[in-house]
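>>> Quick one: sequence plus predicted model below, questions after.
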Amino acid sequence: MKVFPFKIPKSGEDPLIYQEDRELVFYDKLHQHEEIQISFIEKGEGAIFAGDAISHYREGNILVIGSNLPHVFRSEVRENEGSVMHTLFFTTNSFGKDFFNLSTFKNIHPFLENSKNGFIIHNAPKKITKSFKKLKGADNYERFILFLEIMKWLSNNDKEYLSNHLYDKKITDNEGKRMQTVFEHVMTNFSKNINLDEIASIANMTKNAFCRYFKVRTNKSFFQFLIEVRIEHASKLLANNSELSVLEIAELCGFNNISNFNRKFKELKQNSPLQYRKLNL
């Protein structure tokens, strides 16, 4: 299967597509699709790369991924435990090109605008999570009503954006494969020292060419991206592993200088590692 573009499987001419994923891991190839994606994580946790950033997801989260926003899931594999996700796919033209311009739907315009960067909601109420679970057994009419209710709720609640950079073009298959290779190498080796010679070689490019290539496609330098991956993993360890010291976590995440770790952590999380731990344990 090609990494770019990704075609959402359709059943007949349904304008609204429902998909249930019950797998050991979610689809783990970098991809993008025209459809806006709304996903409820019923079970599982891991990381998602979307656009120019990485975020952690867990059970009970709702993810919204905008049209053509490149993304890839990195599920955590646990023995005898899989991942379950309920997803709706649609485009702004699925119900007619002027459908969402009707004044009736002005209350969901914020959702459509916010979806361009993608976002995650961490604490959805039971009413909304139940709506997602009803999608599988619903007929087309019932599913459409649930869809509108979900979008209205998503338009008016606190969210955390997935990407700072907007993507409005399709990326070639070769570009996707190259970025996939880079992402996989980072996720496998972020706890080790990764230098520019190494990552440029992985991408089959010169160092200067790779730096330009990565900056254009992610709106940040490779080493800024690497730091964000390390800090995201550190934040998860701080919240879930109270027996590990901050120094141990810093070392596990590829930092050999505790002062640098503390500084970078506060830059990205607006709290020191100890403050973050107190807030999230």
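Ah, there it is. Predicted model only: the values in this text are computed from it and were never measured.
>>> Point out where the stretch 101-250 of the chain drops to low pLDDT.
The model of the stretch 101-250 of the chain has pLDDT under 70 over residues 167-171.
>>> show me where it has helices.
For the stretch 101-250 of the chain, the helices defined by DSSP state H, counting those that start in this stretch occupy 109-114, 126-134, 140-155, 173-189, 196-202, 207-218, 222-240, 246-252.
>>> shouldn't Phe214 be in contact with Phe225?
Yes. Counting by CB atoms under 8 Å, Phe214 touches Phe225, with 7.4 Å between them. Heads up, the C-betas are built off the backbone N, CA and C, glycines and all.
>>> Any idea how many residues pack against the residue nearest to Ala209 when sequence neighbours are not counted?
Distances taken as CB to CB, 6 or more residues apart in numbering place Ala200 nearest to Ala209, at 7.6 Å, with adjacent residues excluded. Look at Ala200: counted by other CB atoms under 10 Å, it has 20 neighbours.
>>> Do I have it right that Ala200 meets Thr206?
Yes. The criterion here is CB under 8 Å, and Ala200 meets it with Thr206 at 6.3 Å.
>>> tell me which residues of stretch 152-167 are tucked away?
Trp153, Leu154, Ser155, Lys159, Tyr161, Leu162, Ser163, Tyr167 (16 or more other CB atoms under 10 Å).
>>> what's the distance between the fifth one and Glu113?
Read it as Tyr161. Distance check for Tyr161 against Glu113: by CB to CB, to the nearest Å, it reads 12 Å.
>>> Just say helix, strand or coil for Ala47.
Three-state assignment for Ala47 (DSSP: H, G, I helix; E, B strand; the rest coil): strand.
>>> And for it, the neighbour number?
For Ala47, the neighbour count with other CB under 10 Å is 18.
>>> Could you double-check that it sits in contact with Val72?
No. Ala47 is beyond contact range of Val72, at 9.0 Å (criterion: CB under 8 Å).
>>> Show me the common contact partners of those two, please.
Jointly contacting Ala47 and Val72 under the rule CB atoms under 8 Å, 6 or more residues apart in numbering is no residue at all.
>>> And the pLDDT for Ile54?
Ile54 carries a pLDDT value of 88.
>>> give the contact list for Glu232.
Ala47, Ile54, Ser55, His56.
>>> quick one: which of those is most hemmed in?
Comparing the contacts of Glu232 on neighbour count, Ile54 comes out first with 23 neighbours (neighbours: other CB under 10 Å).
>>> Provide the secondary structure category for that one.
Secondary structure assignment for Ile54 (three-state DSSP): strand.
>>> From Gly66, how far out is the nearest residue to it once chain neighbours are set aside?
Nearest residue to Ile54, sequence neighbours excluded (CB to CB, 6+ apart): Glu232, at 5.1 Å. Distance of Glu232 to Gly66, given as CB to CB: 20 Å.
>>> ditto for Thr181
From Thr181 over to Gly66 the distance is 24 Å, taken as CB to CB.
>>> The two: who's more crowded?
The residue with more neighbours, out of Thr181 and Gly66, is Gly66; 25 against 15, by other CB under 10 Å.
>>> The more buried one contacts Phe111, doesn't it?
No. Counting by CB under 8 Å, Gly66 sits too far from Phe111 to count as a contact (10.6 Å).
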